[in-house]
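# this is a predicted model, with the sequence first.
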Amino acid sequence: MLHCLPYLQEELAHAIASARREAAAAVGDDRLLLERFITRPRHVEVQVMADSHGSAVYLFDRDCSVQRRHQKIIEEAPAPGLPLSFHTEIGEAAVRAARAVGYVSAGTVEFIVDVDTQEFFFMEMNTRLQVEHPVTEAITGVDLVELQLRVAAGEHLPIDQETLLTRGPQGHSFEARLYAENTRRNFLPGAGKVLRWRVPESARTFDHTASIRVDSGVSEGDNVGVNYDPMIAKIVTHAADRTSALQLLQKALAETQVAGFPTNLSFLQDLSAHPAFEALDLDTGFIERHRKTLLEPQSVQPHVAALAAALWSKLTAAHTSSSTRQGGAFAAWQPGDSKRLWYKLTKPLSVKYADADQALDLQITYVSNTDYQVQTDSSSQPVSLQHLTLQSPDTWSAEVDGQQLRGNVLMHIHAGKQILTLWIEGRSYEFRKAIPVWSKDAHATAAHGQLTSPMPGKVIKVLVQEGQAVEKGQGLVVIEAMKMEHTLTAHVSGVVEGLSGLHVGTQVEDGQVLLRIGEAAKKAHAAAAAAG
């Protein structure tokens, strides 16, 4: 109490009294455990290994401070920016904790570290290998899985603490967790079919000592569901020092491609390149402190939008030609062949840049089969694209405003929308276009005014009834996915329709229509409101 922050002292007294009453009523014991309040905590953990013959060692430490919803995102080893004496003290403390309980096997002792004083406080011990154990393998050269199995078989630890300390940490290592989640929607879990999966060339075969390592649980064609943790891969790098390892991580992230559902890949790229992260300004509040630069959506660049528009046209024409088997005289009707008419054909294209929910009204002028002019903004000059060609169904090259570029592209249909994912200069961009209901490609969920599920999950609450008037933003349905509840709200005001097949316990798929608030319903609602 004496060391409590002044502005919390009065609140703390009331909170303690309340907690004691609640504890006494619940379990008949009003004793409380008080923990020190740390204003800027770092999360540092120590890898320990103990055998059944009394030997125990620590294999250095890791920093796991960069987190969202108390879940680690990027880990690194050893914990950077701390003196040698700190590493020794926290390592020895971890071994003492393991010995105190007679622990045998691999374990992780976790601590909270005060950034200002470098004091550390025991938090918990995880009696297993952690997700982030590869960074420890990288800096020690020890296969922790093999070592754990040998210890479990009753063998002696093959290495002692003195040898580990003499050798010291070998360089620096990072691990980035690739999650199926939508970072722009408060890290909402995602799910779907893996339509594209590419990792760095050097990481396509497993090697726990490699400079770039990818541990993955998916491959192209798999379905990512909601019954497990949303992490789909770990991207690990190792180099001689922190700066080099971080640069290697940025390179590995740029060479990773995934499509079919939302991921945090772009977020990891922004996070790993953030100046404050590079400068070791680390604590568990990092993401919240830099929310504006990390999480606020950014408008798409004109040359990227122009490329998307031209590729959209080119791929659509190729699909139409292939699916209808048109050729010969019919080829003259393809929009790319505008020379036959002695003028340059211009067509509009309205799409949405998904990351920023940015509506784009583009104008595509067909100069030739490979050359385009794309107007992305009425106030700016059109972007010039020349020699746009497809080397393969998913690889393109073009000269954009005089700059030679090359990348990848994927187009598919999902939940009533045509989706184009563009990879260029190490980043991915997703564009969406609603398919007209009269189109032969229209999905059953393409109609307007429909509420669709953003993920697979289970309905746990239905907050409205058939025929009920609702306002924009009002909660309609609660879905549970990955042990989290997500409330879906009305995107317009109107009257609920088509709810009869939805009830508590219903399993729903990503993109499934849950109910409708159609145009007629909205008009009726507006008329009723006006009459009232």
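Arrived safely.

# how about the strands of the stretch 1-150 of the chain, start to end?
Secondary structure of the stretch 1-150 of the chain (DSSP state E, counting those that start in this stretch): strands at 41-50, 56-68, 71-77, 105-114, 120-126.

# of all those, which one comes closest to A398?
strand 71-77 (33.9 Å; CB to CB). (Each C-beta comes from the backbone N, C-alpha and C, glycine too.)

# list the buried ones in the closest one?
K72, I73, I74, E75, E76, A77 (16 or more other CB atoms under 10 Å).

# tell me how far stretch 48-61 is from the chain's mean position?
Centroid displacement of stretch 48-61 relative to its chain, using CA atoms, centre = their mean, to the nearest Å, is 34 Å.

# what about it, start to end distance?
9 Å (CA to CA, to the nearest Å).

# grab the most central residue of this protein for me.
Closest to where the C-alpha atoms of the chain average out (CA atoms, centre = their mean) is N264, at 1.8 Å.

# that one reaches R184, doesn't it?
No. Counting by CB atoms under 8 Å, N264 stays clear of R184, with 10.1 Å between them.

# mean confidence for stretch 231-240?
Stretch 231-240 carries an average pLDDT of 97.

# can you give me the strands in the stretch 151-300 of the chain?
So, for the stretch 151-300 of the chain - with DSSP E, counting those that start in this stretch - the strands run 172-179, 181-182, 188-189, 192-193, 196-198, 212-216, 223-224, 231-239, 257-259.

# burial measure for the closest residue in space to P302 that isn't next to it in sequence, as a count.
Of all residues not flanking P302 in the chain, T376 sits nearest, at 4.4 Å (CB to CB, 6 or more residues apart in numbering). Neighbour count for T376, taken as other CB atoms under 10 Å: 21.

# please apply the same query to E146.
Quick note: E146 (other CB under 10 Å) scores 11 neighbours.

# next one: it from A106, what distance?
Taking CB to CB, to the nearest Å as the measure, E146 falls 11 Å from A106.

# swap in L178?
Taken as CB to CB, the span from L178 to A106 is 24 Å.

# same thing with L249?
25 Å.

# same check, this time on R42
From R42 to A106 the distance is 23 Å (CB to CB).

# after the top helix by length along the chain, next one along is what?
The single longest helix within the chain, with elements called by DSSP state H, is helix 302-324. Counting by DSSP states H and E, the next helix or strand C-terminal to helix 302-324 is strand 345-353.

# just put the strands of the stretch 1-150 of the chain in CSV and tack on distance to P454 and mean pLDDT.
Rendered in CSV, the data for these read as follows (distance: least, CB to CB, whole Å; pLDDT from 0 to 100):
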stretch, distance to P454, mean pLDDT
strand 41-50, 30, 98
strand 56-68, 18, 97
strand 71-77, 20, 96
strand 105-114, 33, 97
strand 120-126, 32, 95
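
# tabulate these (TSV), appending distance to A306.
Output for these, formatted as TSV (distance: least, CB to CB, whole Å):
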stretch	distance to A306
strand 41-50	43
strand 56-68	33
strand 71-77	33
strand 105-114	48
strand 120-126	49
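
# who's in contact with I419?
Neighbouring residues of I419 by CB atoms under 8 Å, 6 or more residues apart in numbering: A354, M411, H412, I413, E430, F431, R432.

# where do the helices sit along this protein?
9-27, 84-100, 133-140, 144-152, 161-167, 242-254, 265-272, 275-278, 286-289, 291-295, 302-324, 519-531.

# mean neighbour count, those: which tops it?
helix 133-140 (a mean of 25; mean count of other CB atoms under 10 Å).

# quick one: residues in contact with that helix.
For helix 133-140, the external contacting residues (CB under 8 Å, 6+ apart) are 47, 59-60, 62, 75-78, 106, 142-144, 164, 167, 169-175, 208-209, 213, 215, 234, 236, 238.

# pull out the buried residues from these.
Of the contacts of helix 133-140, these count as buried by 16+ other CB under 10 Å: 47, 59-60, 62, 75-78, 106, 142, 144, 164, 169, 171-175, 208, 213, 215, 234, 236, 238.

# residues in contact with the residue lying closest to D401 once chain neighbours are set aside?
The shortest distance from D401 to any non-neighbouring residue, by CB to CB, 6+ apart, is to S384 (5.5 Å). S384 makes contact with D371, Y372, Q373, V400, D401, G402, according to CB under 8 Å, 6+ apart.
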